[in-house]
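predicted model and sequence follow; I will ask about them next.
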Amino acid sequence: MTLLEVRGVTKEFVTRGEGAMARKSTFTAVDDVSFEVELGETLAIVGESGSGKSTTARIAARLLEPTSGTVVFDGQDVTRATGRDLATFRNNVQVVFQDPFSSLNPRYTIERIVTAPLTYQGIAPPGGRRACAQELMARVGLNPDHCQRYPAQFSGGQAQRIGIARALAVNPKLVICDEAVSALDVSIQAQVLELLMRLQRESGFSYIFIAHDLAVVRQISQRVAVMNQGRIVELGSRDQVFGDPRDDYTKTLLAAVPRINPEWDARRRRKEAP
């Protein structure tokens, strides 16, 4: 079942050069992009910085308005949705951002942060907000008794788990992870990725996973879209894109991924064997 359809989306930004007489110009960040996300799947969008992947994700989340094209969610055109229709869409689509600390208000307790989507939607959780916050914290592997602490009292990995807990508060159908693990240490990345995959198995929601790290993408995705200069240049299953890439840009990206020398790996395994 198709959950999200992005059809022919283009996003142009108007820029102005320096000086009083500078002329305006138009920069096309996303150019005629189309893709679908199925219910329960993870679609990864990869590419270099400036390729347009984050802009595409923000359009899909209705955080940016497209210059042209449409966004269809669960069979409804939400491109220009307002009022109650937009509120319903916001309830079903949540975002986890790259920098956990910049997305968490340092003056708010964790309880207030993770239950904020419920406040905005006018939802009163059974048992109250404290119980809801504690349940969400436990779900993402944090101590429920710490819900009265502040963001600065947590590590980067813990802060990202708080961001994930906030996204799950309204039981969304789609979670958009915009470089959600790129700011974390490698060992913490693995823990957060495992958490994301476990939560998806438990709840069945979909992910759009924005990343530039192909090793991370290979671990979490079922399908991959490769973006370059604002366009999708390749779209297919994970195995097809990684095993038999068709576009030269995709081949270049894959060639840049560090690989373990098989002989070194074999020697390491022999040394570690009991």
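Sure thing, it's come through.

mind listing what the one residue sitting closest to the centre of the chain touches?
In the chain, the C-alpha nearest the mean C-alpha coordinate belongs to residue 177, at 1.2 Å (C-alpha atoms, centre = their mean). Residue 177 makes contacts with 95, 96, 196, 207, 208, 209, 210, as judged by C-beta atoms under 8 Å, 6 or more residues apart in numbering. All C-beta spots, glycine's among them, are computed from the backbone N, C-alpha and C.

partner strands of the helix or strand harbouring it and their direction?
Here residue 177, judged by DSSP states H and E, is contained in strand 174-178. Strand pairing for strand 174-178, using DSSP bridges, gives strand 93-96 (parallel), strand 206-211 (parallel).

following that strand, which helix or strand comes up?
helix 186-203.

against which helices or strands is that next one packed?
Counting contacts by 3 or more C-beta pairs under 8 Å, 6 or more residues apart in numbering; DSSP states H and E, helix 186-203 packs against helix 156-168, strand 206-211, helix 214-220.

can you tell me which of the ones you listed is most buried?
strand 206-211 (a mean of 25; mean count of other C-beta atoms under 10 Å).

starting at the chain centroid, how far to it?
4 Å (C-alpha atoms, centre = their mean, to the nearest Å).

got the angle for it vs helix 186-203?
Between strand 206-211 and helix 186-203, the angle comes out at 160 degrees (axes from the mean of the first three to the mean of the last three C-alpha atoms, to 10 degrees).

so where's this structure shaky on pLDDT?
Scanning the chain for pLDDT under 70 picks out the ranges 17, 19-22, 258-274.

helices of that one, residue ranges please.
Secondary structure of the chain, counting by DSSP state H: helices at 53-60, 83-92, 110-114, 116-121, 129-139, 156-168, 186-203, 214-220, 238-243, 248-255, 262-272.

from the contacts of residue 177, which single one is nearest residue 149?
For the contacts of residue 177, the closest approach to residue 149 (C-beta to C-beta) belongs to residue 96, at 19.9 Å.

list the contacts of the closest one.
With C-beta under 8 Å, 6+ apart, residue 96 has these contacts: 160, 163, 164, 167, 175, 176, 177, 178, 180.

identify the farthest-apart pair in these.
So, the contacts of residue 96 by C-beta to C-beta: farthest apart are 160 and 176, at 14.3 Å.

format the contacts of residue 177 as a markdown table; extra columns: distance to residue 66.
Listed next are these as a markdown table, based on distance: C-beta to C-beta, whole Å:
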| residue | distance to residue 66 |
| --- | --- |
| 95 | 17 |
| 96 | 22 |
| 196 | 27 |
| 207 | 21 |
| 208 | 15 |
| 209 | 21 |
| 210 | 17 |
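
residues near residue 16, how many?
Around residue 16 there are 9 other residues, counting by other C-beta atoms under 10 Å.
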